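J.: sequence first, predicted model second:
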Amino acid sequence: MRLSKFKNRVFPIIIVFILILISCGNGTKDKSASNNDTPKQDEGDSIPKTEAPIIVGANRTDTYLPILNGKRIGIVANQTSVISKIGHEHPKHRNYTHLVDSLWHLNIDIKKVFAPEHGFRGKADAGELVKDGIDTKTGLPIVSLYGKNKKPSPEQLSDLDLVIFDIQDVGARFYTYISSLHYVMEACAEAKIPLVILDRPNPNGHYIDGPILDIAHQSFVGMHPIPVVHGMTIGEYGKMINGEGWLGDGKTCDINVISMQNYTHSKPYSLPIKPSPNLPNDQAINLYPSLCFFEGTNVNAGRGTSKQFQIYGSPYLDKDLYEFKYIPMPNEGAKHPKHDNKLCYGEDLSSREKLGGLDLSYLIRAYQNSVDQPIFFSDFFTKLAGTTELRQQIEQGISEADIKASWQDGLNTFKKMRTQYLIYK
């Protein structure tokens, strides 16, 4: 059970002081932001004096703490939901506290935590059941938003006045946190409960690419008619869900986006905490939109290794055509990796330069070099692609350039629609 709010007053006062110091550098309180991010640096490097650090939504405590006072709060959070201490906004600094822990110590009336895929502390495998439970640190109840209960029920929202959503996204349609956002918005709209979105950078926000999802193939890894890489922050995406009427039946959610400062879509951003167990670094996050297609094939995308989404391989690829080989083994985030304990042939992309668009060459080459093409694709591939056309194009031997050209009309339409919801340049 939670300790009495009148015990242990000294520590909460210290936390308040830290949060106020953070807030003092946050500037204006409007819902828009602009400008830049700091370039990637090694751990311990100083922040360039000419670069203003990004202030993420969670750090703008002066803006949202007054909104929480006197309210019963639910928080949708995971391991990325943190507040940086003053002077450590640069992403390579590790000096931060968890949002839930910080607000709990401030005696904000948190009633429960909602945990998406991978769980509240981010340890579960992709697709693994996340169970309800109790957070051992705070004693708060944890409600899973993965598995059968993807949407908060009316009963789970009945004791709440407001919900906070603070999760780091990576900008890919099949990364399920934007699907969780949809269901949370839908539930809050139905319960007439406002939602506060603490915005964070999109590390793949510098480009837009991929086929537009066909609603006939809608699933939890693709709920909306958007491209694979959408180029929006989670706050901007929430505005789009409302504006495009995707909640259905005329519903809209009362959202308040606590925007970032000193951010633009074009500037690089290095995540301080891995957003899920199999995205361990910047390289994996950048390659993820291109390599995740392998999840719908018989090719392993590095799960069960230390280079998740930086390598790929399969026992079914022609070993005479690939020098690189590895053996997937169970590890954190991949208790049962594809081709567990089998020798896989493929490519190591861990030193590849940063992508500015989807790269289909690996997928096309793997299909062409498969020794058993009829079993290359699984049904899951269509859900990831959001259309049957991509698989057909690859099987027919259509070039990457022609495949990407077939997306352009849909991408142009999406880009025009997207401009209505942008908060940042």
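T.: Looks like it arrived, so ask away.
J.: remind me which residues of the stretch 1-150 of the chain are low pLDDT?
T.: For the stretch 1-150 of the chain, the stretches with pLDDT under 70 are 1-50, 86-94, 118-119, 121-132.
J.: can we see that at 90?
T.: Regions of the stretch 1-150 of the chain meeting the criterion pLDDT under 90 cover residues 1-52, 84-97, 115-139, 144-149.
J.: all the strands of it, in order from the start?
T.: Under the criterion DSSP state E, counting those that start in this stretch, the stretch 1-150 of the chain contains strands at 73-77, 82-84, 96-98, 110-115, 133-134, 141-144.
J.: right, and those strands - which one's nearest Lys354?
T.: Of all those, strand 82-84 sits nearest to Lys354, with 24.4 Å by C-beta to C-beta. For glycine as for every other residue, the C-beta is placed from the backbone atoms N, C-alpha and C.
J.: show residues contacting the closest one.
T.: By C-beta atoms under 8 Å, 6 or more residues apart in numbering, the residues outside strand 82-84 that reach it are 19, 22, 56, 58-59, 61, 93, 95-99, 102, 272-273.
J.: and it, which strands flank it?
T.: Applying DSSP bridges to the sheet, strand 82-84 is found paired with strand 96-98 (antiparallel).
J.: on the three-state scheme, the residue sitting nearest the centre point of the chain is what?
T.: In the chain, the residue lying closest to the centroid (C-alpha atoms, centre = their mean) is Asp169, at 2.1 Å. Of the three states, Asp169 takes coil under DSSP: H, G, I helix; E, B strand; the rest coil.
J.: could you do Val196 as well?
T.: strand.
J.: partners of it in the sheet?
T.: Per DSSP bridges, the residues bridged to Val196 are Ile164, Asn256.
J.: all further residue positions should be reported with the first residue as 63.
T.: Happy to do that; since the first residue is 63 now, the last one works out to Val258.
J.: spit out the contact partners of it.
T.: 126, 129, 224-227, 317-318, 320.
J.: next one: Lys381
T.: With C-beta under 8 Å, 6+ apart, Lys381 has these contacts: 387, 407.
J.: same question, Tyr350
T.: Taking C-beta under 8 Å, 6+ apart, one finds 232, 234, 237, 266, 341, 371 in contact with Tyr350.
J.: that one belongs to a helix?
T.: Yes. Judged by three-state DSSP, Tyr350 forms part of a helix.
J.: and it, how far is that from Asp231?
T.: In this view, Tyr350 and Asp231 are 11 Å apart by C-beta to C-beta, to the nearest Å.
J.: surely the residue nearest to the centre of the chain meets Ser242?
T.: No. The pair Asp231 / Ser242 is not scored as a contact, 9.8 Å apart, by C-beta atoms under 8 Å.
J.: overlap in contacts, the two.
T.: With C-beta under 8 Å, 6+ apart, Asp231 and Ser242 have no common neighbours.
J.: which of the contacts of Tyr350 lies closest to Ala278?
T.: Among the contacts of Tyr350, and counting by C-beta to C-beta, the member closest to Ala278 is Ala234, at 20.4 Å.
J.: on the strand side of things, show who the closest one bridges to.
T.: Taking DSSP bridges as the rule, Ala234 bridges to Val291.
J.: for it, give me its contacts.
T.: Ala234 touches 266, 290-292, 350-351, 354, counting by C-beta under 8 Å, 6+ apart.
J.: so it versus Leu130, what's the distance?
T.: Where Leu130 is concerned, Ala234 sits at a distance of 31 Å (C-beta to C-beta).
J.: ok, now His167?
T.: His167 sits at a distance of 13 Å from Leu130 (criterion: C-beta to C-beta).
J.: show me what contacts Leu417?
T.: 348-349, 352.
J.: same check, this time on Ala253
T.: Shown in contact with Ala253 (C-beta under 8 Å, 6+ apart): 216, 219-220, 222.
J.: coming back round to it: give me the buried subset of the contacts of Val258.
T.: 126, 224-227, 317-318, 320 (16 or more other C-beta atoms under 10 Å).
J.: which residues of the stretch 163-312 of the chain fall in helices?
T.: Secondary structure of the stretch 163-312 of the chain (DSSP state H, counting those that start in this stretch): helices at 216-219, 239-253, 296-305.
J.: now do the longest one and strand 172-177, the angle between them.
T.: This means helix 239-253. With axes from the mean of the first three to the mean of the last three C-alpha atoms, to 10 degrees defining the directions, helix 239-253 sits at 140 degrees from strand 172-177.
J.: ramachandran coordinates for Phe443?
T.: phi -60, psi -40 (degrees, to the nearest 10).
J.: in this structure Ala363 contacts Lys369, no?
T.: No. Counting by C-beta under 8 Å, Ala363 stays clear of Lys369, with 9.8 Å between them.
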